[in-house]
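**Q** Compute the structure for the input listed below.
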Amino acid sequence: MNTLRCDQTQAWRALGEHYDSQGRSFDLREAFARHPGRFQALSFEAPGIFADLSKNLVDAQTLRLLFELARGCELEQRRDAMLAGAAINTTEDRAVLHTALRAPRGEGPFSDDVHGVLDAMLAYAESVRDTRASGIRHIVNIGIGGSDLGPQMVVPALEAFVHPELRFHFVSNVDGHDITSVLRHLHPGETLFVIASKTFTTQETMANAHAAKAWFVAHGGTDTAKHFVATTTNVKAAAEFGIETTFGFWDWVGGRYSLWSAIGLPIALAIGADNFRDLLAGAHEMDRHFATAPLAKNLPVLLGLIDVWYRNFHGFTTRSVAPYHQGLKRLPAYLQQLEMESNGKCVDLDGNALPFATSPVVWGEPGTNGQHAYFQMLHQGTDVIPVEFVLVKHPTHDLADQHTKLLANGLAQAQALMLGKRTDQALSERAPTAAKSLSPEVVARHRTFPGNRPSTTLMLDRLTPRSLGALVAMYEHRVFTSGALWGINSFDQWGVELGKALCNDLLPRIASSNTQGLDASTAGMMRRLFG
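**A** Presented below is the predicted three-dimensional model:
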């Protein structure tokens with residue numbers, strides 16, 4: 001599509017002027033004082049999710065200009081092109097159709113193919129879940145990147161729905177410490193290995209797959225075809241490995257968008273066919289919201305626009321994700337790949353160098369753990385870091401007092417980031433642990449919090465397959481929104497390739513001790529490590 005990049009629009013210039021005149025000095029505390037209805041005005045609902053955006057550094061004028069920016073970049077047309085199956089991944093001439101993986105039967109592109117694989121995969125999953133017949137007690141998923149992060153995030157998130165007689169293990173790192181720590185607790189006759197590699201050539205995955213097979217044989221395993229299954233398009237290579245059962249997917253499924261495909265087999269094994277279909281249904285509901293809701297009510301769009309406002313005008317370089325639910329402990333890692341691999345680009349669709357910043361660094365830990373680790377910097381550090389709180393109203397345990405404390409902590413942290421604490425307030429308080437040798441004024445300055453630090457709060461009623469599906473799809477469309485405005489290709493990942501290629505060059509050099517032509521540092525380290 002021949003559309004404008006964000007910095008080529010009138011709205012971009014208007015946003016710059018708005019930031020200089022009002023945005024730079026915007027104060028959340030004053031905004032709430034001026035507009036008592038701010039929470040109601042800046043709260044939004046999408047399928048399965050309630051979002052409080054009122055603690056963000058935006059006002060009605062900011063949002064109006066951001067909507068103008070979205071229209072100037074033809075965001076809606078770009079969205080429609082993606083959903084229709086246009087080859088929007090221009091550098092690889094591919095469609096981007098992860099949304100087709102969760103469309104109901106007969107409603108999405110390639111529906112017969114999608115549902116054919118889905119039906120076969122879920123039937124297989126149910127046969128394994130019949131543990132009395134299958135004898136399987138442990139599932140080991142061997143993959144990396146998108147073939148690991150999605151299942152590894154979803155399975156613990158939906159722990160309340162997981163088969164009680166199955167245990168799940170995830171191996172991704174080529175570091176042998178990863179797989180050996182898993183294998184030492186297993187028995188071949190009770191273990192199913194899922195080898196997740198689209199090409200069945202991924203270096204780390206295949207190294208671990210061969211290690212798993214060697215362990216299987218060495219410990220008395222005799223039926224590779226029963227105990228190994230592959231999610232791959234390379235059926236021939238899988239067969240040569242000894243695998244007979246394979247489930248494939250398509251080149252229009254990017255790795256970081258693939259948990260909805262056969263890559264989701266470990267999820268299906270964990271939660272069963274009906275719950276897996278609910279996961280897809282929740283994502284599809286968010287797809288419909290993204291496709292049909294007006295910009296001013298479209299949650300993924302609103303979040304993506306605020307991301308652009310923060311990255312390009314406020315200059316915020318990172319965003320912290322703090323899920324206040326232990327099941328979502330892997331959500332920050334999952335979102336790192338989703339956003340940073342998608343939008344960590346420095347050229348536009350035409351290959352021109354970008355004159356502005358793109359993806360922020362995404363990071364985080366579950367609350368309340370993060371409060372006792374990095375929240376000090378969020379509250380009193382020199383950088384302003386927007387924080388995203390994810391709260392779940394109803395737990396799946398009966399420890400009501402602990403859940404109340406958890407939610408209260410999440411609310412309090414967002415409140416503290418916004419309100420801060422003035423020096424005169426700190427001076428009026430007693431600080432029992434303060435050094436007696438310091439003056440009260442000095443202690444008060446140490447106990448001052450600048451405040452006016454932005455946050456978003458996302459709330460799920462319950463963490464279920466359906467609500468989790470909606471949450472993940474919301475993040476996918478949010479990333480698409482910011483990438484579309486930046487005019488980049490959010491669906492390739494050439495930056496992953498260079499290090500892999502250099503590693504493949506180094507391996508034979510290590511075997512032969514050949515350092516000729518290498519830079520001095522790499523050559524020196526090779527001699528230290530392998531000499």
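
**Q** Give me the spatial nearest neighbour of residue 303, chain neighbours excluded.
**A** What sits nearest to residue 303 in space, not counting adjacent residues and going by CB to CB, 6 or more residues apart in numbering, is residue 478, at 4.4 Å. Quick note: C-beta positions are derived from backbone N, CA and C, even for glycine.

**Q** Is the one you found in contact with residue 300, as I believe?
**A** Yes. Assessed by CB atoms under 8 Å, residue 478 is found in contact with residue 300 at 4.5 Å.

**Q** so who does the nearest residue to residue 60 once chain neighbours are set aside touch?
**A** Counting by CB to CB, 6+ apart, residue 60 lies nearest to residue 41, which is 7.9 Å off, once chain neighbours are set aside. The contact partners of residue 41, taken as CB atoms under 8 Å, 6 or more residues apart in numbering, are 35, 54, 60.

**Q** what's the answer for residue 4, then?
**A** Counting by CB under 8 Å, 6+ apart, residue 4 has contacts 72, 73, 74, 487.

**Q** And the pLDDT at the residue nearest to residue 60?
**A** pLDDT recorded at residue 41 is 98.

**Q** same check, this time on the one 10 residues further on
**A** Per-residue confidence at residue 51 stands at 98 (pLDDT).

**Q** So it lies in a strand, does it not?
**A** Yes. Counting by DSSP: H, G, I helix; E, B strand; the rest coil, residue 51 falls inside a strand.

**Q** Tell me how many other residues crowd it.
**A** 19 (other CB atoms under 10 Å).

**Q** Next: the one 5 residues further on.
**A** Using other CB under 10 Å, residue 56 has 23 other residues around it.

**Q** What of residue 400?
**A** 9.

**Q** do the same with residue 480
**A** Neighbourhood size, residue 480 [other CB under 10 Å]: 24.

**Q** which secondary structure element contains it?
**A** Using DSSP states H and E, the element containing residue 480 is helix 465-486.

**Q** just how off-centre is that helix within its chain?
**A** When distances are taken as CA atoms, centre = their mean, to the nearest Å, helix 465-486 is centred 9 Å away from the chain's centroid.

**Q** So which elements touch the next helix or strand after that helix?
**A** Toward the C-terminus, helix 465-486 is succeeded by helix 497-512 as the next helix or strand (DSSP H and E). Packing partners of helix 497-512 (3 or more CB pairs under 8 Å, 6 or more residues apart in numbering; DSSP states H and E): helix 203-218, helix 520-530.

**Q** Point out where the stretch 51-200 of the chain drops to low pLDDT.
**A** Applying pLDDT under 70 to the stretch 51-200 of the chain flags no residue at all.

**Q** mind listing the helices for it?
**A** In the stretch 51-200 of the chain, the helices defined using DSSP state H, counting those that start in this stretch lie at 60-72, 75-84, 111-129, 131-134, 149-157, 176-183.

**Q** Please give me every residue in contact with residue 506.
**A** Here residue 506 is in contact with 522, 526 (CB under 8 Å, 6+ apart).

**Q** What distance do you get for it to residue 513?
**A** 12 Å (CB to CB, to the nearest Å).

**Q** got it, and residue 482?
**A** For residue 482, the distance to residue 513 - CB to CB - is 47 Å.

**Q** swap in residue 167?
**A** 43 Å.

**Q** Of these two, which one has the most company?
**A** residue 167 (16 against 10).

**Q** Excluding chain neighbours, what is closest to that one?
**A** What sits nearest to residue 167 in space, not counting adjacent residues and going by CB to CB, 6+ apart, is residue 138, at 5.1 Å.

**Q** how far away is the one you found from residue 302?
**A** Taking CB to CB, one finds residue 138 at 43 Å from residue 302.

**Q** Between those two, tell me which one has more neighbours.
**A** residue 302 (27 against 17).

**Q** ok, now which ones touch the more buried one?
**A** Listed by CB under 8 Å, 6+ apart, the contact set of residue 302 reads 44, 51, 53, 63, 295, 296.

**Q** which one of the residues you listed is nearest residue 322?
**A** residue 51 (14.9 Å; CB to CB).

**Q** Per the annotation, how does the chain divide into domains?
**A** Domains of the chain are assigned by automatic domain parsing as 6-72+293-419+453-492, 98-277, 501-530.

**Q** can you pull out the strands in the chain?
**A** 43-46, 49-52, 138-142, 167-171, 191-196, 228-231, 246-247, 318-324, 361-363, 387-394, 455-462 (DSSP state E).

**Q** CA atoms only for the fourth one, dumped as PDB, please.
**A** Presented in PDB, the C-alpha positions along strand 167-171 are these (Å, rounded to 0.1, in the frame of the first residue of the first chain):
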ATOM      1  CA  ARG A 167       3.300 -32.500  33.800                       C
ATOM      2  CA  PHE A 168       4.700 -30.100  31.200                       C
ATOM      3  CA  HIS A 169       8.300 -29.200  30.600                       C
ATOM      4  CA  PHE A 170       9.800 -26.700  28.100                       C
ATOM      5  CA  VAL A 171      13.300 -26.900  26.700                       C
END
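
**Q** For the chain, give me the ranges with low pLDDT.
**A** Residues of the chain that meet the criterion pLDDT under 70 lie in 1.

**Q** who's in contact with the residue nearest the centre of it?
**A** In the chain, the C-alpha nearest the mean C-alpha coordinate belongs to residue 335, at 1.8 Å (CA atoms, centre = their mean). Neighbour list for residue 335: 321, 362, 475 [criterion: CB under 8 Å, 6+ apart].
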